[in-house]
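J.: pasting the structure only:
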């Protein structure tokens, strides 16, 4: 047995051997001992470290889940069922990952609010704030793609709604949908792209921007406690900050670190408690676009957006979808450069505090409404009602077969005929006037707007019959739509 002194000498020799080759001891020592304003080593400054701890937990649980999870559209749902019911503690691992995502989004949002309230985004920490905004967006991206990994009904319709929103972007919307879905329909390629985003691209970007964020925090220092009357001025701030560090500061280790560790540990314990108490999220029903009697809802952190879209008048939906997110992101990104100087204390910034309070109350209210709001536009199930007889008179056998397909595939859950049917999609009484035969085929196969793609759920004969029936849906005094360009196609001589 080695003595205690021999073991210590061995550890010292090993550290020296490594440091001679890596030269990392001094940088680590500098990071650990970097000075922090004494009042900033408080419980108000622990949310950033907790966010990092939760991200590390997500990486660890994600790697463990990947050992069993089958990342294909055909097998993803069944592999989650296996994790829930067959793999020892698989349900707990999924619950940890799911609740970890919920808490990570929440803690990152709280951290951003704390930085805003304390004015810590002001000069010279503008780019630190910008990196934080990007980290928030990446975290939300991970949360959304994580919901898709369940690949249940909510996930399927979530992709459809996301594609619908993307498709409304002027000029490039169609190309963006193709890029997002990997083709014209939601299929295996779509799932593979979201899996790649969730497992590789977004985590890699998060690692990179966490590195940038931590580098800026270490380089520029942790913001001092906001004191009323202490203004931020570009010409004098750096000198004043240095003077405060010299006058009253503590090393990050151990004075600030122990609070970070305790709070992060407490958050992890709460995640574990939620996982044990409430279990994992889903999966719900097997994804099937022909099952329209569904009320898909996003996870908690996107519920407020769901509520706004559900409650907005239909004519404002597109404007809101395309204008609000870029505007909100632009405000966040440019905030530290527009308001770089002045007061930091919340006591002297009533407009900022009132704005944050309004946003927080609106967020909470919309989230609450999102739990009960109907899926917009309002849809009622009318499949039990027969197709009106006036739409069946003098129809060919193919067209009557199409009417049967129309009934069996529950198209009237979304579309009305003769004033009876769902309100999610447009009425179809005169659809043949608006769309040509080719456009009808493309709409059925590829979807568009709020309509899912049915290319994989209808056989070619069913599509042919359905489109033949839809071509008959026009007023008697109006001819169906035709492709005028075909008039100018010269016949090929024989």
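T.: Arrived safely. No experiment lies behind these values; they were computed from the predicted model shown. Numbers count the residues shown, from 1 in each chain.
J.: in terms of helices and strands, where is residue 147?
T.: helix 126-148 (DSSP states H and E).
J.: list the buried ones in that helix?
T.: 126, 128-148 (16 or more other C-beta atoms under 10 Å). Placement of C-beta: from N, CA and C, glycine included.
J.: again with stretch 436-453
T.: 436-437, 440-448, 450-453.
J.: quote the end-to-end distance of it.
T.: Separation of the first and last residues of stretch 436-453 by C-alpha to C-alpha, to the nearest Å is 18 Å.
J.: residues contacting that stretch, please?
T.: 156-157, 160-161, 163-164, 167, 184-186, 289, 377, 414, 424-425, 431-432, 435, 454-455, 458, 463, 466-467, 470-471, 480-483 (C-beta atoms under 8 Å, 6 or more residues apart in numbering).
J.: can you select the buried ones from those in ChimeraX?
T.: In ChimeraX, this line selects whichever of the contacts of stretch 436-453 come out buried by 16+ other C-beta under 10 Å:
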select :156,157,160,161,163,164,167,184,185,186,289,377,414,424,425,431,432,435,454,455,458,463,466,467,470,471,480,481
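J.: just the mean pLDDT for the helix holding residue 147, thanks.
T.: For helix 126-148, mean pLDDT is 95.
J.: show me how this protein divides into domains.
T.: 35-372, 389-482 (automatic domain parsing).
J.: weakest of these in terms of mean pLDDT?
T.: domain 389-482 has the lowest average pLDDT among those, namely a mean of 79.
J.: and that domain, how far from the chain's centre?
T.: 34 Å (C-alpha atoms, centre = their mean, to the nearest Å).
J.: and that domain, end to end?
T.: 26 Å.
J.: for stretch 277-290, buried residues please.
T.: Buried, per 16+ other C-beta under 10 Å, within stretch 277-290: 280, 281, 282, 283, 284, 287, 289.
J.: circling back to that earlier point, check the buried residues of stretch 436-453 and tell me the two furthest apart.
T.: 437 and 450 (22.4 Å; C-beta to C-beta).
J.: got the contact list for the residue nearest the centre of the chain?
T.: For the chain, residue 144 is the residue whose C-alpha lies nearest the centre (C-alpha atoms, centre = their mean; 3.0 Å). Going by C-beta under 8 Å, 6+ apart, residue 144 touches 158, 162, 298, 302.
J.: out of the residues you listed, who's the most crowded?
T.: Per-residue neighbour counts (other C-beta atoms under 10 Å) across those peak at residue 158, which has 24 neighbours.
J.: wait, that one sits on residue 305?
T.: No: judged on C-beta atoms under 8 Å, residue 158 makes no contact with residue 305 at a distance of 11.4 Å.
J.: joint contacts of these two?
T.: Contacts common to residue 158 and residue 305, judged by C-beta under 8 Å, 6+ apart, are residue 298.
J.: the stretch 1-150 of the chain: strands as residue ranges?
T.: Under the criterion DSSP state E, counting those that start in this stretch, strands of the stretch 1-150 of the chain are mapped to 35-37.
J.: the longest helix along the chain - contacts with which helices or strands?
T.: Counting by DSSP state H, the longest helix found in the chain is helix 90-117. Judged by 3 or more C-beta pairs under 8 Å, 6 or more residues apart in numbering; DSSP states H and E, the packing partners of helix 90-117 are helix 47-66, helix 76-85, helix 126-148, helix 257-278, helix 350-372.
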